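Peer 1: Mind looking at a prediction? Sequence and model below.
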Amino acid sequence: MVTCRDESGGSGVDQRGTCDPAVLAGRRKDRAAHGVSGGGDPGGGRGAEQRGSGGAVGDASRDGQQMAGPVCTRRLARSGGCAAQRQATHYEAEHERRVLATLDEPPPAGYGRWDGTLLARHLGDISKHQIWRVLRRHEISLARRRSWCISTDPCFAQKAADIVGLYLQPPENAVVLSVDEKPHIQALERAQGWLKLPNGKALTGFSHEYKRHGTTTLFAALDVATGLVRGGHYRRRRRVEFLHFMNRTVAEHPGREIHVILDNLNTHKPKHDRWLARHPNVHFHFTPTHASWLNQVEVWFSILSSKALAGASFTAPWQVRDQIDAFIAAYNQDAQPFEWTKQVVFSQHPRSKYANLRN
């Protein structure tokens with residue numbers, strides 16, 4: 001066996017006794033093409049092709065340590081990864097079940113509600129970070145509280161379908177009006193202005209202290225087809241004020257069929273409605289109990305409060321009335337009807353157990 005050194009400084013072993021550089025270079029190319037490192041490199045010698053008992057080809061790493069073959073590596077990673085994932089999923093599901101079940105229990109003595117720290121302390125082996133992941137997954141906010149008014153009307157579905165039908169398919173050549181009152185609007189006098197904060201920002205607002213100057217009541221009728229609003233101001237909201245407003249509203253649509261959407265206030269629906277009997281072209285449609293949100297005029301009341309009344313200062317009720325009239329005039333200039341898109345409306349009752357979220 002002859003040991004030769006080529007021009008690049010590397011050595012090659014030729015068992016057939018040749019030192020021809022061209023021959024050695026060709027053999028090095030062949031070995032490189034077949035994944036065998038050339039001679040001369042200490043790591044390359046150990047990196048020659050090796051076959052294990054499993055028949056997989058093993059490759060040497062750059063630091064000379066033997067690594068498992070590609071086939072074996074994929075099989076081990078696949079089997080081990082799946083097992084780890086199954087184990088993690090099992091633990092996550094178990095933690096989720098325990099966290100939600102704990103929320104259904106009373107909080108520790110002296111506390112009014114659970115929070116992440118109390119849950120972690122109570123459960124012991126579940127970190128607060130895992131607890132927050134469970135809460136975020138179900139969009140549970142332990143600090144936020146909401147109130148609701150759920151309809152218990154046994155005829156909710158029929159009444160809601162009647163009103164929704166007026167919104168989506170109103171009777172031909174008929175007028176559909178949403179009518180309600182906003183009582184006891186206060187005339188509050190409070191200082192207005194702005195403050196410059198230390199960070200340079202200007203904060204606009206009003207003083208916390210105020211002075212009362214009486215109240216006023218607003219009756220409003222929203223034309224569902226056009227979005228136009230008609231208002232009426234009164235000191236009280238008795239049956240007599242309601243009928244006075246209705247007489248003025250009906251007089252604007254002589255000879256036409258009128259459908260009026262109302263809530264269940266006693267001034268709207270007496271036991272014997274003689275006024276309705278004298279107006280056969282007027283039809284009242286009442287929202288289900290505790291479901292006045294079906295009345296579109298409630299949406300307009302919210303717009304009125306936020307754009308014309310919130311934060312304003314008044315020294316007399318007539319100023320409130322003038323402000324409302326000015327807003328109605330401005331609103332009607334480019335009024336647009338509200339688009340009702342929900343075809344089926346149903347009453348939903350709250351669940352009593354957090355554990356039901358997993359079902």
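Peer 2: Right, received. Where do you want to start? Residues are numbered from 1 along each chain as shown.

Peer 1: going forward, measure contacts between C-alpha atoms and count neighbours the same way
Peer 2: Will do.

Peer 1: ranges for the helices of the stretch 151-300 of the chain?
Peer 2: Ranges of helices within the stretch 151-300 of the chain are 156-168, 239-251, 274-278, 297-304, based on DSSP state H, counting those that start in this stretch.

Peer 1: To His259, which of those helices lies closest?
Peer 2: helix 156-168 (8.3 Å; Cα to Cα).

Peer 1: can the helices of the stretch 151-300 of the chain go into TSV with extra columns for distance to Ala329 and mean neighbour count?
Peer 2: Shown next, in TSV, are the helices of the stretch 151-300 of the chain (distance: least, Cα to Cα, whole Å; neighbours: other Cα atoms under 10 Å):
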stretch	distance to Ala329	mean neighbour count
helix 156-168	24	17
helix 239-251	17	15
helix 274-278	30	11
helix 297-304	12	16
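
Peer 1: Redo those helices as CSV? Include mean pLDDT and distance to Glu181.
Peer 2: Putting the helices of the stretch 151-300 of the chain into CSV (pLDDT from 0 to 100; distance: least, Cα to Cα, whole Å) gives the following:
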stretch, mean pLDDT, distance to Glu181
helix 156-168, 91, 18
helix 239-251, 95, 9
helix 274-278, 93, 19
helix 297-304, 95, 9
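
Peer 1: Which among the ones you listed is found nearest to Ser127?
Peer 2: helix 297-304 (43.5 Å).

Peer 1: Show me the contact partners of the closest one.
Peer 2: 178-180, 182, 220-222, 292-293, 324, 327 (Cα atoms under 8 Å, 6 or more residues apart in numbering).

Peer 1: how much does the following helix or strand past that helix deviate in direction from helix 297-304?
Peer 2: Next helix or strand after helix 297-304 toward the C-terminus (DSSP states H and E): helix 317-333. Here helix 317-333 runs at an angle of 110 degrees relative to helix 297-304 (axes from the mean of the first three to the mean of the last three Cα atoms, to 10 degrees).

Peer 1: Identify each buried residue in helix 317-333, please.
Peer 2: Buried residues in helix 317-333, counted by 16 or more other Cα atoms under 10 Å: 317, 320-321, 324-325, 328, 331.

Peer 1: For that helix, what is the distance to the chain centroid?
Peer 2: 35 Å (Cα atoms, centre = their mean, to the nearest Å).
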